[in-house]
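Chemist: Below are the sequence and a predicted model for it; my questions follow.
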Amino acid sequence: MWRSCLRLRDGGRRLLNRPAGGPGASMSPGPTIPSPARAYAPPTERKRFYQNVSITQGEGGFEINLDHRKLKTPQAKLFTVPSEALAIAVATEWDSQQDTIKYYTMHLTTLCNTSLDNPTQRNKDQLIRAAVKFLDTDTICYRVEEPETLVELQRNEWDPIIEWAEKRYGMEISSSTSIMGPSIPAKTREVLVSHLASYNTWALQGIEFVAAQLKSVVLTLGLIDLRLTVEQAVLLSRLEEEYQIQKWGNIEWAHDYELQELRARTAAGTLFIHLCSESTTVKHKLLKE
């Protein structure tokens with residue numbers, strides 16, 4: 001993941017050096033986050049209307065320029081991000097679009113739009129509660145009673161992650177075969193709330209986004225702490241589905257497409273969390289090594 005981040009920064013350095021100019025519009029809304037709090041419904045595609053993408057630093061942070069116009073959010077706010085690394089990653093999304101802008105591929109832009117516009121008007125405490133709520137329906141806490149091969153697979157693959165999280169955060173996470181799910185101790189919620197409070201609101205938007213993709217806050221924590229790779233977290237979140245595919249076979253290209261899309265959203269969300277938690281500027285001297 002970090003190698004991908006460095007590639008984004010390297011490409012972004014070239015964007016910073018590009019001259020602005022040429023025809024273009026001022027803004028485009030970007031794609032919608034496929035989460036419970038869906039806010040935007042822009043067109044899925046649009047003809048590319050700009051030639052150059054560049055980054056400038058303003059009073060409020062780092063801005064994205066499409067030719068000579070400033071990028072804006074769906075609510076017409078100036079698109080300004082707090083981290084240069086994040087600005088580079090977003091600029092790379094826009095610069096990588098070909099003749100057609102595919103908004104649904106621009107997950108970092110979407111997350112920034114949501115953080116800037118805050119369409120559901122949630123504060124930090126509400127974002128934390130939303131993330132903690134995923135514990136009640138966490139994928140890896142729901143177990144089957146049969147067949148035995150799947151029971152064993154869940155035990156072998158999910159238990160080590162639960163054990164890691166319990167040790168890492170000093171909290172109890174149980175599993176259950178009941179449709180009502182496991183009983184989550186109040187102390188566990190308190191510990192998780194306290195930990196999430198250390199993140200800023202931008203990072204919390206990313207945490208909720210990733211948890212919504214994986215249907216698991218435990219797997220999300222594993223990603224943030226680098227205990228899991230994106231590929232591992234996605235496969236663990238789809239364990240039962242992958243088991244059924246191995247048993248009954250794939251459906252043409254549908255499962256592969258869904259898997260790649262989930263990986264892309266999860267990777268973008270995880271990168272967003274890290275870039276929102278880092279320093280505001282990039283050490284450009286590292287890019288020359």
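Modeler: Now that the structure is in, tell me what you want to look at. This one's a predicted model, so the numbers in the text were calculated from it and none came from an experiment.
Chemist: how does this structure divide into domains?
Modeler: With domains defined by the TED database, the chain comprises 53-117, 124-277.
Chemist: highest average neighbour count across those?
Modeler: Mean neighbours per residue, mean count of other Cβ atoms under 10 Å, is largest over the domains of the chain for domain 53-117, with a mean of 20. For glycine as for every other residue, the C-beta is placed from the backbone atoms N, C-alpha and C.
Chemist: for it, the distance to its chain's centre please.
Modeler: Counting by Cα atoms, centre = their mean, to the nearest Å, domain 53-117 is centred 16 Å from the centre of its parent chain.
Chemist: mean confidence score for that domain?
Modeler: The predicted model gives domain 53-117 an average pLDDT of 95.
Chemist: cool, stretch 222-241 as well?
Modeler: According to the model, stretch 222-241 has a mean pLDDT of 96.
Chemist: Now do it: distance from first to last residue.
Modeler: 21 Å (Cα to Cα, to the nearest Å).
Chemist: Arg122 belongs to a strand?
Modeler: No. Counting by DSSP: H, G, I helix; E, B strand; the rest coil, Arg122 is not part of a strand but coil.
Chemist: okay but it is in contact with Ala131, surely?
Modeler: No. Look at Arg122 against Ala131 with Cβ atoms under 8 Å: they stay out of range, at 11.1 Å.
Chemist: ranges for the helices of the stretch 101-250 of the chain?
Modeler: 107-117, 124-132, 148-169, 186-196, 201-214, 217-224, 230-237, 239-248 (DSSP state H, counting those that start in this stretch).
Chemist: closest one to Lys47 among the domains of the chain?
Modeler: domain 53-117 (6.1 Å; Cβ to Cβ).
Chemist: just checking, Gln57 touches Glu63?
Modeler: Yes. Because the distance of 7.4 Å satisfies Cβ under 8 Å, Gln57 is recorded as touching Glu63.
Chemist: Show the backbone phi and psi for Tyr257.
Modeler: Dihedral angles phi and psi of Tyr257 (degrees, to the nearest 10) take the values phi -60, psi -50.
Chemist: Sorry, wrong one. I was asking about Phe62.
Modeler: The phi/psi pair for Phe62 (degrees, to the nearest 10) reads phi -110, psi 130.
Chemist: tell me the contacts of the closest residue to it other than its chain neighbours?
Modeler: Nearest in space to Phe62, with sequence neighbours left out and distances taken as Cβ to Cβ, 6 or more residues apart in numbering, is Ala87 at 3.6 Å. When contacts are counted by Cβ atoms under 8 Å, 6 or more residues apart in numbering, Ala87 is found next to 12, 55, 61-64, 81.
Chemist: just to revisit the earlier point, possible to save the domains of the chain as JSON lines with distance to Glu45?
Modeler: Output for these, formatted as JSON lines (distance: least, Cβ to Cβ, whole Å):
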{"stretch": "domain 53-117", "distance to Glu45": "5"}
{"stretch": "domain 124-277", "distance to Glu45": "16"}
